[in-house]
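J.: Okay, predicted coordinates and the sequence, questions at the end:
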Amino acid sequence: MSETPKTESRPRILFLDAHDSFSLNITSLLTTLLNADVSVLQIDSPLFNPSSPSFPSRWTHELSHYDAVVCGPGPGNPSNESDVGLMKHIWSLSERDVLPVLGICLGFQSLVLACGGKVRRLRRGLHGMVRGIGHSGKDVFEGVECFKATLYHSLCGDVGQDGISEEEWEVRKWAAVNRGEGEGMGQGLVPLAWVEEEREEGTGKERVLMAVRSEGRPFWGLQYHPESVCTEEEGNRVIVNWFREARKWNEERGRVAVRGWDVLAAAATKGSLLSRPVGGGEKENGDGRKWWEEWGLGAVLESETVPLPIGVQVPDVVEAVEADGKERVVLESSNCAAKEAMSDTRGRYSIISCGLDEALRIEHHAGDDHATMRLGKVGGLPLNMSQTIPLAHHGDIWGFVASFHDARHLSHFEVSSGSPFTGGFMGFITYEQGLRDIDIHVEQPRPHRRPDVCLAWVTKSIVVDHHLGLIHVQHLRPRNSKADLWLEQTTASLLSPRTFQPTKKGPCQQPPLKIHPIVQPPSATEYESNVTLCQSYIASGDSYELCLTDQTTITTPAPTCPWTLYRTLRARQPAPFASFLRLGTATLVSASPERFLQYSRSGLCSMRPMKGTVRKSPAVSTLADAERILHVPKEEAENLMIVDLVRHDLHSICGAGNVSVPALLKVEEYESVFQMITVVEGQIPKEKGYTGLDVLAASLPPGSMTGAPKKRSCELLREIEGAKERSLYSGVVGYMCATGRGDWSVTIRSLFRWEDEMDAEREVWRIGAGGAVTILSTAEGERDEMFTKLAGPLGVFRES
Ligand SMILES: C=C(O[C@@H]1C=C(C(=O)O)C=C[C@H]1O)C(=O)O
Ligand SMILES: NC(=O)CC[C@H](N)C(=O)O
């Protein structure tokens with residue numbers, strides 16, 4: 001049953017979703033613009049099986065509840081049944097059951113096919129290109145001024161436009177075509193809009209059909225994307241006109257949508273993680289209790305604030321307070337001292353976990369039906385406790401993590417310090433967990449048992465405020481726990497003039513090693529041929545953009561000191577989202593410049609997709625130089641596609657009308673590169689029990705690391721990248737505070753290693769690097785970009 005609110009008087013639209021990454025931008029537009037309730041059905045929904053004898057009656061029963069249907073965009077080709085699924089069963093509805101339909105992009109192409117037209121490849125795909133839509137001013141374009149719209153297609157409707165001579169074109173381009181050719185249609189298609197695309201010298205313009213109306217039936221189609229952030233608002237009139245026409249059509253035929261809510265399509269937003277039924281089922285200890293259940297409940301925050309001594313850096317603070325812990329998470333704004341021009345990219349806070357060896361940890365291996373709760377030490381003594389938590393009762397790992405967090409939720413009214421993090425989860429999530437979250441099944445069994453979700457519940461922490469020059473020392477202490485001197489001792493130590501003396505030995509007892517690692521970088525020729533392969537999938541309509549990556553392995557003949565590697569990397573590549581993690585069996589050293597997702601205590605979400613990279617060089621040394629290079633169609637399209645994808649991800653929780661783009665295509669300066677970023681914001685609705693975790697779980701893996709549409713692109717990338725696991729690379733690292741605030745970065749420009757690939761004689765470090773491939777990419781350009789990104793982290797082995 002649908003969760004759509006039961007507002008009987010609002011019109012209802014069914015949206016058929018072809019697993020596109022822009023779908024929920026369309027449902028948001030329809031909801032806000034038309035004041036309609038929009039339900040969503042996947043084109044391959046198991047609820048409707050076209051080969052079952054009961055399908056026709058089930059299908060028409062479902063459709064009878066809607067005023068109109070929108071067939072959405074999607075990957076693939078409309079002539080492949082599996083790419084359009086249920087859409088095909090819209091065009092063939094009988095006279096009695098037919099209802100008004102708007103096809104968008106793939107949906108439009110499917111309509112053109114059904115009406116006897118053809119669909120062919122464009123001379124070159126137009127993904128992310130913004131064009132003026134030349135329309136007839138008739139039908140749904142009546143009263144509409146000229147406007148620009150975003151295109152996301154490689155294929156186009158062919159209604160014989162190429163056979164019309166230049167002289168006749170202006171007259172014949174609006175004439176109905178295919179009369180009598182459509183399957184059961186009987187009547188033709190009326191073109192309503194065109195884009196005449198300038199092509200290379202000598203090849204002439206390409207006539208690209210942009211909108212149609214079916215003559216005999218209430219079907220309209222738009223090739224462009226009305227919902228894109230770069231489609232001008234004037235385009236909204238087309239949607240309003242369409243719906244007016246649709247309702248008029250219904251009225252004229254006395255067609256009234258059946259009221260009542262026995263529909264099978266679902267609401268456009270997901271239910272909250274916390275609204276899932278939570279049952280017991282965890283294996284218990286002999287005495288009937290789950291030993292971890294009370295861990296951290298009812299905690300109070302105790303904190304002290306001391307000045308950050310001048311010249312003292314985050315690693316110095318780490319070494320001062322955490323001399324001998326094995327496990328550690330440091331999230332550092334290592335570019336906090338960047339020069340003024342780079343101020344917009346400077347981070348303000350750094351967060352350091354303390355006492356992590358004694359923190360409770362949740363681990364989950366993607367594909368398992370359980371999580372594991374671990375506790376390494378208590379009171380300095382090794383304990384190595386673990387317990388298996390079946391996840392069936394929580395839906396999945398995210399349901400469990402959300403309920404664990406919720407039980408320990410600290411109202412922010414209880415917290416008076418200006419600290420963004422007071423204690424709570426810190427950890428990582430791999431790319432493979434993200435794949436699982438979008439229903440891509442990573443082959444089982446996997447060659448390892450590493451965790452894909454690893455979150456420690458941190459109760460002792462230090463937050464450095466670089467703007468104010470302050471250090472917050474914080475203890476989230478169980479209300480009735482025994483006195484613990486950690487807060488006092490740590491504060492005293494940070495205040496002591498002896499603490500930051502240069503002679504003090506850090507936690508990494510070894511001197512930097514002269515290691516001679518064996519480096520296996522990706523093959524340049526293979527990478528280039530993979531770029532070409534990506535482009536062939538883009539040309540065939542299967543993807544709009546693919547973030548291709550590859551991995552370098554570095555085998556060291558002796559153990560390294562990861563902390564030294566981190567100190568080297570942070571100095572080489574200061575970044576707003578640098579991090580160091582030693583958590584369970586994973587070690588990560590990262591200089592990420594990219595925020596994935598931040599959410600505030602009041603549920604304001606901010607994502608900063610980054611696309612468009614240019615290396616600093618004598619020729620490109622200023623922001624103005626970089627802007628000249630990055631504000632070009634290729635780079636802007638690359639960014640725009642991910643922006644629209646991220647808007648869709650946010651809409652899945654924030655809901656219609658609650659997502660905005662406050663900064664579009666902004667170029668920022670970093671130590672060795674310039675990057676183009678966009679800021680996308682969403683507000684989590686207060687009333688539905690959502691938290692930032694809902695948004696996190698709904699947005700993985702990061703769209704900037706996949707391409708669009710996300711699901712098909714990830715499937716293709718697995719094939720192209722040879723099913724190599726990306727692991728920590730392309731995942732996220734960050735925190736979610738007990739008060740609900742969270743901040744996660746995309747794990748890029750980083751190196752990592754796993755304990756199962758190291759022994760006394762060798763260690764294997766891995767570095768992933770890549771970039772987004774579009775139809776305008778060149779193989780050499782992409783290869784260079786990948787090697788540029790690789791060079792940063794790889795360089796630490798030379799310098800350490
Ligand atoms: C794939 C990487 O980076 C991603 C790709 C970018 C691009 O294509 O311009 C920019 C930032 C990241 O989202 C990487 O650093 O390895
Ligand atoms: N955005 C879309 O719906 C794209 C449709 C089709 N796959 C194409 O590339 O042309």
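T.: Good, I have the coordinates. Keep in mind that this is a model prediction, so the values were computed, not measured. Numbers count the residues shown, from 1 in each chain. Ligands and ions are numbered 1, 2, ... in the order given.
J.: Which residue is the nearest non-sequential neighbour of the residue in the stretch 701-800 of the chain that ligand 2 sits nearest to?
T.: Residue of the stretch 701-800 of the chain nearest ligand 2, by CB to the nearest ligand atom: Pro709 (7.7 Å). Quick note: C-beta positions are derived from backbone N, CA and C, even for glycine. Closest residue in space to Pro709, ignoring its immediate chain neighbours: Ser21 at 4.0 Å, by CB to CB, 6 or more residues apart in numbering.
J.: phi, psi of that neighbour?
T.: Here is the backbone geometry of Ser21 (degrees, to the nearest 10): phi -90, psi 10.
J.: Return the residues of the stretch 101-250 of the chain in contact with ligand 2.
T.: Counting by CB under 6 Å from any ligand atom, the positions of the stretch 101-250 of the chain adjacent to ligand 2 are 105-106, 152-155.
J.: Do me a favour and get the end-to-end distance for stretch 259-274?
T.: 30 Å (CA to CA, to the nearest Å).
J.: Quick check: buried residues in it?
T.: 261, 263-270, 272-274 (16 or more other CB atoms under 10 Å).
J.: Switch those residues over to a markdown table; also include distance to His472 and pLDDT.
T.: Converted to a markdown table, the buried residues of stretch 259-274 look like this (distance: CB to CB, whole Å; pLDDT from 0 to 100):
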| residue | distance to His472 | pLDDT |
| --- | --- | --- |
| Trp261 | 50 | 73 |
| Val263 | 51 | 91 |
| Leu264 | 51 | 94 |
| Ala265 | 48 | 95 |
| Ala266 | 43 | 94 |
| Ala267 | 41 | 93 |
| Ala268 | 40 | 93 |
| Thr269 | 36 | 93 |
| Lys270 | 35 | 92 |
| Ser272 | 31 | 94 |
| Leu273 | 29 | 94 |
| Leu274 | 29 | 92 |
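J.: Okay, and which of these map to strands?
T.: 266-267 (DSSP state E).
J.: From the contact counts, what lies against the one helix or strand Thr568 maps to?
T.: In this structure, Thr568 sits in helix 562-572 according to DSSP states H and E. In terms of contacts (3 or more CB pairs under 8 Å, 6 or more residues apart in numbering; DSSP states H and E), helix 562-572 is packed against helix 314-321, strand 577-583, strand 586-592, strand 750-758, helix 779-799.
J.: Can you redo these as JSON lines, where the extra columns are mean pLDDT and distance to Glu715?
T.: Below are the helices and strands packed on helix 562-572 laid out as JSON lines (pLDDT from 0 to 100; distance: least, CB to CB, whole Å):
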{"stretch": "helix 314-321", "mean pLDDT": "93", "distance to Glu715": "40"}
{"stretch": "strand 577-583", "mean pLDDT": "97", "distance to Glu715": "28"}
{"stretch": "strand 586-592", "mean pLDDT": "97", "distance to Glu715": "25"}
{"stretch": "strand 750-758", "mean pLDDT": "96", "distance to Glu715": "24"}
{"stretch": "helix 779-799", "mean pLDDT": "93", "distance to Glu715": "20"}
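J.: circling back: same list (the buried residues of stretch 259-274) but as a markdown table, adding distance to Asp368.
T.: Output for the buried residues of stretch 259-274, formatted as a markdown table (distance: CB to CB, whole Å):
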| residue | distance to Asp368 |
| --- | --- |
| Trp261 | 36 |
| Val263 | 34 |
| Leu264 | 30 |
| Ala265 | 31 |
| Ala266 | 27 |
| Ala267 | 29 |
| Ala268 | 30 |
| Thr269 | 28 |
| Lys270 | 22 |
| Ser272 | 23 |
| Leu273 | 18 |
| Leu274 | 22 |
